[in-house]
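coords below, sequence missing:
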């Protein structure tokens with residue numbers, strides 16, 4: 001039986017960071033297990049390749065939610081990375097940290113050491129910022145953060161329209177203030193995706209003390225009493241075991257981490273007994289507190305040239321492929337959002353509670369909603385898509401079988417909260433306000449969806465229920481909290497309550513979802529966790 005100091009389960013954003021940092025000491029033996037395969041597909045490394053990997057079962061779990069009452073009992077497709085780099089190998093490449101108030105809120109909930117001043121050094125440690133180092137940014141870190149490689153006349157006009165509508169022009173939503181409008185930054189370098197695997201794992205893969213096993217599906221964590229001692233996993237049809245002398249570190253993400261804990265007998269005892277799983281430790285918060293960002297898009301027809309729709313087919317696409325091959329620029333370097341906007345649903349709010357993903361193009365809505373596919377329409381268009389940043393609605397992840405091959409039941413409970421309903425309606429109104437500014441008069445034709453017939457708040461909410469979906473940010477299902485909190489799963493050191501030698505390090509530990517995309521915060525959590533683990537090592 002293989003023996004290691006640390007076993008890391010899951011080679012996503014957090015797992016790649018930990019594999020790098022923990023194996024830096026050549027005397028420390030580290031095993032990294034990944035259920036998916038290597039990140040060898042060229043489409044992973046071409047930024048716009050997300051339009052293929054987002055639907056590719058070879059690199060994607062392609063989970064489906066349960067029918068969701070708040071969205072007309074629709075089933076939502078939840079892509080999750082099944083490959084080295086995890087979801088950072090298939091995501092939209094946007095680099096957003098959230099607001100300082102998010103992390104101060106974590107600290108106020110009793111999670112000492114997780115305030116903004118505590119976490120900022122780890123954001124900076126991870127980052128290699130194109131604009132250079134300053135009070136908010138770092139250089140020399142593994143993760144490249146760069147500007148988009150090209151502007152766009154439609155996007156430029158949207159930024160002007162946002163300013164006309166009352167938003168400040170903001171060159172850096174990860175700086176002093178998030179509010180405003182401007183161009184996103186991406187985790188891209190020289191026109192290629194910088195996933196966590198590219199940034200953290202590839203440079204250290206040849207370390208003799210680091211073992212990376214792909215196609216290795218974790219079945220359960222092994223215990224001696226309440227001490228985690230190893231993991232059972234399946235690889236190439238064989239059932240194998242590995243032991244850890246120091247710690248087991250679970251990095252499966254907001255779906256797979258609670259799933260594996262429950263499969264291992266850690267969770268709500270009554271639920272586990274119903275599946276004939278022996279309870280190792282009754283921990284009812286496992287799989288609860290699920291949070292996700294909900295998005296609904298306004299679509300407009302564009303009456304001028306310049307939308308991405310025109311460049312995505314035929315001879316124009318051939319030219320874009322050549323441009324990427326020769327210059328590493330153009331359409332293939334772009335993400336699903338070009339321009340950001342952060343706005344408030346009410347003027348009395350201290351910070352924004354709405355984020356926009358704005359793209360000078362439009363997707364085929366039917367294919368996106370039914371199959372999760374990213375396919376641009378033939379007609380030129382503009383998308384202004386508001387996101388609920390701080391949702392009150394809560395869902396759950398619960399296994400429905402003792403088999404690790406069986407996906408868990410995902411209940412997102414979108415739009416369950418009246419406040420969330422109000423915020424998405426306010427976001428759609430904000431989008432219309434931006435679209436109606438004079439800066440866009442010469443660019444936009446009619447509103448395609450929800451369309452001019454949607455006039456009242458009730459109409460807009462009905463549209464969101466029918467056409468809104470996930471923006472792929474599930475968090476919170478193994479949330480951090482004090483031992484006095486019966487629903488907390490891990491403490492401020494990310495150690496699982498009531499057990500020893502077991503931690504969870506990924507987006508599932510977030511007690512509240514950050515105000516923005518979740519990949520950068522997940523990498524920050526792993527950087528901070530690496531320091532905590534090394535300091536506590538015997």
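Received, thanks. Predicted model only: the values in this text are computed from it and were never measured. Residues are numbered from 1 along each chain as shown.

nearest spatial neighbour of residue 87, skipping sequence neighbours?
Of all residues beyond its chain neighbours, the one nearest residue 87 is residue 81 (3.9 Å), with distances taken as CB to CB, 6 or more residues apart in numbering. Every residue, glycine included, has its C-beta placed from N, CA and C.

Next up, the contacts around that neighbour.
Taking CB atoms under 8 Å, 6 or more residues apart in numbering, we find residue 81 in contact with 12, 36, 59, 60, 61, 87, 88, 89, 90, 91.

Let me see the contact set for the spatially most distant residue from the centre of the chain.
Distance from the C-alpha centroid of the chain, by CA atoms, centre = their mean, peaks at residue 442 (35.4 Å). When contacts are counted by CB under 8 Å, 6+ apart, residue 442 touches 157, 303, 304.

so which of these is the most crowded?
The most crowded member of the contacts of residue 442 is residue 157, carrying 23 neighbours; neighbours defined as other CB atoms under 10 Å.

which SS state does that residue fall under?
With DSSP: H, G, I helix; E, B strand; the rest coil as the basis, residue 157 sits in helix.

correct me, but it touches residue 441?
No. At 9.1 Å, residue 157 and residue 441 do not qualify as touching, with contact defined as CB atoms under 8 Å.

After the lowest-mean-pLDDT helix or strand in the chain, which helix or strand is next?
Least confident helix or strand, the chain: helix 365-371 with a mean of 77, by mean pLDDT, DSSP states H and E. Downstream of helix 365-371, the next assigned helix or strand under DSSP states H and E is strand 381-388.

Remind me what that next one packs against, helices and strands.
Packing partners of strand 381-388 (3 or more CB pairs under 8 Å, 6 or more residues apart in numbering; DSSP states H and E): helix 153-164, strand 294-295, strand 298-302, strand 354-359, helix 418-435.

Out of these, which gets nearest to residue 253?
Closest of those to residue 253 is strand 294-295, at 18.6 Å (criterion: CB to CB).

Now do the closest one: everything it contacts.
Outside strand 294-295, the residues that touch it by CB under 8 Å, 6+ apart are 357, 385-388, 391, 393, 414-415, 420, 424, 464, 468-471.

Try it again at 7 Å.
357, 385, 387-388, 391, 414-415, 420, 424, 468-471 (CB atoms under 7 Å, 6 or more residues apart in numbering).

for that strand, what is the average pLDDT?
Per-residue pLDDT over strand 294-295 has a mean of 98.

follow-up on the earlier one: could the helices and strands packed on strand 381-388 go into CSV alongside distance to residue 43?
Formatted as CSV, the helices and strands packed on strand 381-388 follow (distance: least, CB to CB, whole Å):
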stretch, distance to residue 43
helix 153-164, 25
strand 294-295, 24
strand 298-302, 26
strand 354-359, 20
helix 418-435, 31
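
just for the stretch 101-250 of the chain, where's the confidence low?
The stretch 101-250 of the chain contains no residues with pLDDT under 70.

That one: strands as residue ranges?
Using DSSP state E, counting those that start in this stretch, the strands assigned to the stretch 101-250 of the chain run over residues 127-129, 143-147, 180-183, 185-186, 188-189, 192-193, 210-213, 216-224, 227-235, 238-250.

hang on, the earlier thing: which of the contacts of residue 442 lies closest to residue 497?
Closest approach between the contacts of residue 442 and residue 497, by CB to CB: residue 157, at 52.0 Å.

Surely that closest one is in contact with residue 439?
Yes. At 5.0 Å, residue 157 counts as touching residue 439 under the criterion of CB atoms under 7 Å.

picking that back up, so for residue 174, which of the strands of the stretch 101-250 of the chain sits nearest?
Nearest to residue 174 among the strands of the stretch 101-250 of the chain is strand 185-186 (7.5 Å), distances taken as CB to CB.

packing partners for that closest one?
strand 143-147 (3 or more CB pairs under 7 Å, 6 or more residues apart in numbering; DSSP states H and E).

Just checking: what are the partner strands of the strand it packs on?
According to DSSP bridges, strand 143-147 forms sheet pairs with strand 127-129 (parallel), strand 185-186 (antiparallel).

So which bits of that strand are buried?
143, 144, 145, 146 (16 or more other CB atoms under 10 Å).

ok, now stretch 283-297?
For stretch 283-297, a neighbour-count test (16+ other CB under 10 Å) marks 283, 285-297 as buried.

Kindly report the same for stretch 71-88.
Residues of stretch 71-88 classed as buried: 71, 74, 76-88 (neighbour count, 16+ other CB under 10 Å).

Stretch 188-203 now?
Within stretch 188-203, the residues that count as buried by 16+ other CB under 10 Å are 188-189, 191-202.

How about stretch 238-256?
Of all the residues in stretch 238-256, those buried under the rule 16+ other CB under 10 Å are 240, 242, 244, 246-256.

Kindly reformat the residues you listed as JSON lines containing distance to residue 265.
Below are the buried residues of stretch 238-256 laid out as JSON lines (distance: CB to CB, whole Å):
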{"residue": "240", "distance to residue 265": "20"}
{"residue": "242", "distance to residue 265": "19"}
{"residue": "244", "distance to residue 265": "18"}
{"residue": "246", "distance to residue 265": "22"}
{"residue": "247", "distance to residue 265": "18"}
{"residue": "248", "distance to residue 265": "14"}
{"residue": "249", "distance to residue 265": "18"}
{"residue": "250", "distance to residue 265": "14"}
{"residue": "251", "distance to residue 265": "20"}
{"residue": "252", "distance to residue 265": "16"}
{"residue": "253", "distance to residue 265": "20"}
{"residue": "254", "distance to residue 265": "20"}
{"residue": "255", "distance to residue 265": "18"}
{"residue": "256", "distance to residue 265": "16"}
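
any idea which of these is closest to residue 526?
The closest of those to residue 526 turns out to be residue 251 (CB to CB; 7.4 Å).

What pLDDT does the model give that closest one?
Per-residue pLDDT puts residue 251 at 98.

ok, now residue 306?
pLDDT recorded at residue 306 is 87.

hang on, isn't it packed against residue 153?
Yes. Between residue 306 and residue 153 a contact is recorded at 4.8 Å, counting by CB under 7 Å.

Neighbour count: these two, which is higher?
residue 306 (19 against 14).

circling back to that earlier point, from the strands paired with strand 143-147, which stretch is densest packed?
Highest mean neighbour count of the strands paired with strand 143-147: strand 185-186, a mean of 25 (counted as mean count of other CB atoms under 10 Å).

Please enumerate residues in contact with it?
Contacts of strand 185-186 (CB under 7 Å, 6+ apart): 93, 94, 95, 145, 146, 147, 148, 335.

change it to 10 Å
47, 92-96, 129-131, 144-149, 171-174, 193-194, 333-335, 337-338, 340, 520 (CB atoms under 10 Å, 6 or more residues apart in numbering).
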